[in-house]
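Asker: here is my input; please provide its structure:
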Amino acid sequence: MDSNPPADVPSLYDILGVERSASADQIRRAYKAKALETHPDKLEQGASPEDKQASEAKFHEVHGAFEVLRDAYKRRAYDIQRGFRPQNSPRWEGELSEEQRRRMEDRQQWAHKQREEFEERMRNLRERTAADREERRRRDQETAEHRMMVERMLAELYRKNPEWAERKEKLRRQGHANTRPSPVSS
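Answerer: Model prediction:
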């Protein structure tokens with residue numbers, strides 16, 4: 001698909017009535033003159049609705065042209081889109097200036113550095129996550145070992161002192177909350 005508009009469509013420069021080499025000040029002055037000329041409020045009192053609509057459309061067209069041409073970046077993008085050769089640059093056909101080349105290299109270096117920093121942060125995060133998981137597993141294992149050791153000690157005490165188990169069972173039947181059933185001795 002061709003991005004260039006048809007030849008019969010006036011350029012933004014034509015709409016404002018300026019040359020492509022016009023300065024920002026010349027563009028501003030041309031806009032003011034065209035805006036006054038095309039503003040819908042400048043129409044006669046008895047103008048038809050169609051005339052008002054046409055005047056409003058022309059005013060918006062003038063304003064749109066000014067919005068693009070007053071901004072250097074938008075103007076350059078417009079010129080490139082229309083296939084206009086830049087007025088102040090003998091090199092055009094795909095060549096980059098030294099400044100553009102330097103900026104591209106700077107951006108690539110910055111992007112590379114950002115990627116490395118991101119990968120380093122992700123690596124650190126994975127290592128911390130793995131270390132946390134290992135620490136949690138170790139604590140769970142210690143807790144289980146301590147629980148088993150306490151259960152074995154209680155079982156041994158109840159085996160050696162059967163009256164403790166009887167007293168505890170009696171208390172549990174009376175409704176004391178802090179009593180657990182005695183471990184089954186093997």
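
Asker: show me the helices in the chain, by range?
Answerer: With helices called from DSSP state H, the chain shows them at 12-16, 24-38, 49-69, 72-82, 98-160, 162-174.

Asker: so of the ones you listed, which one's packed in deepest?
Answerer: Mean neighbour count, computed with mean count of other Cβ atoms under 10 Å, is highest for helix 12-16 among the helices of the chain, reaching a mean of 20. (C-beta placed from N, C-alpha, C; glycine too.)

Asker: which helices and strands does that one pack with?
Answerer: The criterion is 3 or more Cβ pairs under 8 Å, 6 or more residues apart in numbering; DSSP states H and E, and the helices and strands that helix 12-16 contacts are helix 24-38, helix 49-69.

Asker: residue furthest from the geometric center of this structure?
Answerer: residue 163 (71.5 Å; Cα atoms, centre = their mean).

Asker: list the residues that contact it.
Answerer: Not one residue lies near residue 163 by Cβ atoms under 8 Å, 6 or more residues apart in numbering.

Asker: now do it against residue 175, distance only.
Answerer: 21 Å (Cβ to Cβ, to the nearest Å).

Asker: and what of residue 16?
Answerer: 96 Å.

Asker: what residues are up against the residue nearest to residue 78 when sequence neighbours are not counted?
Answerer: Of all residues not flanking residue 78 in the chain, residue 68 sits nearest, at 5.3 Å (Cβ to Cβ, 6 or more residues apart in numbering). Taking Cβ under 8 Å, 6+ apart, we find residue 68 in contact with 12, 74, 75, 78.

Asker: check what pLDDT the second one gets.
Answerer: What the model reports for residue 74 is a pLDDT of 88.
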